[in-house]
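Chemist: fold the following for me, if possible:
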Amino acid sequence: MANITRELLNAPLPELVKSLGIGIAQAQRALDRVSMDLARELVDTKIELGGTEYSLLALGFTPTFYQYTDTVLEAKVAFSMTKSREIGVSATVSGGVNVGFAAVSASVTASYSQKYQYSAEGSSLIRTKLVSVPNPPAFEQRLRALIETELEDRREAINPPNQTTS
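Modeler: From the prediction side, this is the model:
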């Protein structure tokens, strides 16, 4: 039983949990960076509609943001240990009598065996869920302001305000 306890104490469970958390944080940062890069591309990509050039962002295209929402780390470990002993003793006595002589023989056989069997099995499963989430509220507000400004500039370019001279 002491061997099983020692094996459980040697299991690197805290290190697994730490590595999983750091890995998810790094992956989340990479996902956010991709969304931000896509936002820049949407600003830089222009198309012409009706003689006026618009960015894709101004036309309402937005990057998709993703987030890890649920992660499960499952580790299963099974230990088994078997110990068996076998002790065997056998004796054989044989004798014979002949005129004037007696012959006696004895045979003793002893056996002892001790067997140990130890097995350990383990399996692990890591499952994570990645979902798209709404754009950050500050990004949405800034996006709406940019779209409104760009559309207002386009309207003024098409229909300049009446200027009166005195």
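
Chemist: next up, the contacts around the most centrally placed residue in the chain.
Modeler: Nearest residue to the geometric centre of the chain (C-alpha atoms, centre = their mean): Ile126, 4.0 Å. Contacts for Ile126 (C-beta atoms under 8 Å, 6 or more residues apart in numbering) come out as Leu20, Thr71, Val72, Leu73, Glu74. Placement of C-beta: from N, CA and C, glycine included.

Chemist: and Ser19, by the same measure?
Modeler: Taking C-beta under 8 Å, 6+ apart as the contact definition, Ser19 lies against nothing.

Chemist: before we move on, which element is it in?
Modeler: helix 13-44 (DSSP states H and E).

Chemist: may I see the buried residues of that helix?
Modeler: Leu31, Ser35, Leu38, Ala39, Leu42 (16 or more other C-beta atoms under 10 Å).

Chemist: the last one contacts Thr64, correct?
Modeler: What it means is Leu42. No. Between Leu42 and Thr64 there is no contact under C-beta atoms under 8 Å: 11.1 Å.

Chemist: need the helices for this protein, in chain order.
Modeler: Under the criterion DSSP state H, the chain contains helices at 2-10, 13-44, 137-158.

Chemist: a markdown table for those, including distance to Val93 and mean pLDDT?
Modeler: Formatted as a markdown table, the helices of the chain follow (distance: least, C-beta to C-beta, whole Å; pLDDT from 0 to 100):
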| stretch | distance to Val93 | mean pLDDT |
| --- | --- | --- |
| helix 2-10 | 44 | 59 |
| helix 13-44 | 62 | 89 |
| helix 137-158 | 99 | 81 |
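
Chemist: Ala106: which of those helices is closest?
Modeler: Among the helices of the chain, helix 2-10 comes nearest to Ala106, with 42.9 Å by C-beta to C-beta.

Chemist: how about the helices of the chain in CSV, adding distance to Gln114?
Modeler: Listed next are these as CSV, based on distance: least, C-beta to C-beta, whole Å:
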stretch, distance to Gln114
helix 2-10, 16
helix 13-44, 34
helix 137-158, 71
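
Chemist: figure out which of the ones you listed is closest to Ile87.
Modeler: helix 2-10 (24.1 Å).
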